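Pasted the sequence and its predicted model underneath.
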Amino acid sequence: MLRLVHHPDYVAPGAPGTGMLFDKYGLVPMALDQRGAAYEVYRPAPMPRGWLEAIHDPDYVDEVLSCRVPPEKERRIGFPITPRVARRAAMSPGGTWLAARLALRHGFAANGAGGSHHALYDTGAGYCVFNDLAVAAHRLIAEGDAGRILIVDLDVHQGDGTAALTAGRTDIITFSIHGDKNFPARKAVSDLDVALPDGTGDDAYLAALQAHLPALIAGVRPDLIFYQAGVDPHEADRLGRLALSDAGLEARDRFVMRSAIDAGIPLASVLGGGYGNDRMAVAHRHARTMLTLADEFDRAVGGTS
């Protein structure tokens, strides 16, 4: 059974010309339904303003929540901040935090949004408004739900915002495998970065993951893993530039979950990136990732989760 955190406020109308009624945050539950998946939905609350301001510049938080983001910041984010976008920007970190709480209780849960890893202290960037990973991790530690958190970021784009916002902290550890020549042009410094050349396929990608993740988990010994499970390393992704097949993405996701299980660490996943003209195909990739993680978890616990 997949425990899915989702809220109607995640969903916005589909982009003009796509023929879709919703953006991918609305299409992912539809993809799960089309696959006949069994899942249970948990509704988050918006992340309280104080926790957003613990990570982001309070002036920037106010700009977003009041829909007064300057044009230059909107250009950097990639879209205008409307009331609907502002609601989702606050709801998504609440969803990531709730997924973590569920994972700490049950072993695994997935947020149907989130992974906004480019958002920085005083601005958003790269389609990201608030950095839900950094905000949720900070709150979990501050409230005593976790002592140390490992963020495993396998989106094709480096998690530069997360790395910058958590730099110098020993209680939040960041690990990113990403395309070397892809966005952002200027990379931040994660605790561990693995940059891959354009065109990297299944075997080389999985070899890199296997070479680093288990040892990192053993060294960090986190209380929780946040998994930024972007599907944009897929060979058909419009912005990806890597070459993972469907089978490669599945092997990636199974290895991440198996590594967490072997170490006895709960895992919460977030949606991350995935881009293409066929929005439903992208939604199915996200759905497949969630279901793969749930299946690997259920196999390990004997379906008793």
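Good, I have the coordinates.

So Thr200 sits against Ala243, correct?
Yes. Using CB atoms under 8 Å, Thr200 is in contact with Ala243, at 6.3 Å. Every residue, glycine included, has its C-beta placed from N, CA and C.

Pick out whichever of the two has more residues nearby.
Thr200 (22 against 18; other CB atoms under 10 Å).

so what's the more buried one up against?
179, 242-243 (CB atoms under 8 Å, 6 or more residues apart in numbering).

Which single one of those residues is nearest to Glu63?
Among the contacts of Thr200, Gly179 lies closest to Glu63 (CB to CB), at 30.6 Å.

Give me the distance between that closest one and Ser190.
To Ser190, Gly179 is 14 Å away according to CB to CB, to the nearest Å.

cool, Leu133 as well?
In terms of CB to CB, Leu133 sits 12 Å off from Ser190.

so what sits against both of the two?
153, 159, 162.

most neighbours, which of those?
Gly159 (35 neighbours).

Run through the strands of the stretch 201-305 of the chain in chain order.
For the stretch 201-305 of the chain, the strands defined by DSSP state E, counting those that start in this stretch cover 224-228, 267-270.

Now these in a markdown table, please, with extra columns for mean neighbour count and distance to Met257.
Putting the strands of the stretch 201-305 of the chain into a markdown table (neighbours: other CB atoms under 10 Å; distance: least, CB to CB, whole Å) gives the following:
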| stretch | mean neighbour count | distance to Met257 |
| --- | --- | --- |
| strand 224-228 | 27 | 8 |
| strand 267-270 | 30 | 6 |
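
Excluding covalently adjacent residues, which one is nearest to the residue most central in space within the chain?
Closest to where the C-alpha atoms of the chain average out (CA atoms, centre = their mean) is Gly115, at 2.7 Å. For Gly115, the nearest residue in space outside its immediate sequence neighbours is Gly272; the separation is 3.5 Å by CB to CB, 6 or more residues apart in numbering.

pLDDT score for that neighbour?
Listed pLDDT for Gly272 reads 97.

Quick check: the gap between it and Arg68.
28 Å.

If you count surrounding residues, which of those two has more?
Gly272 (25 against 10).

Please consider this matter closed, and thank you.
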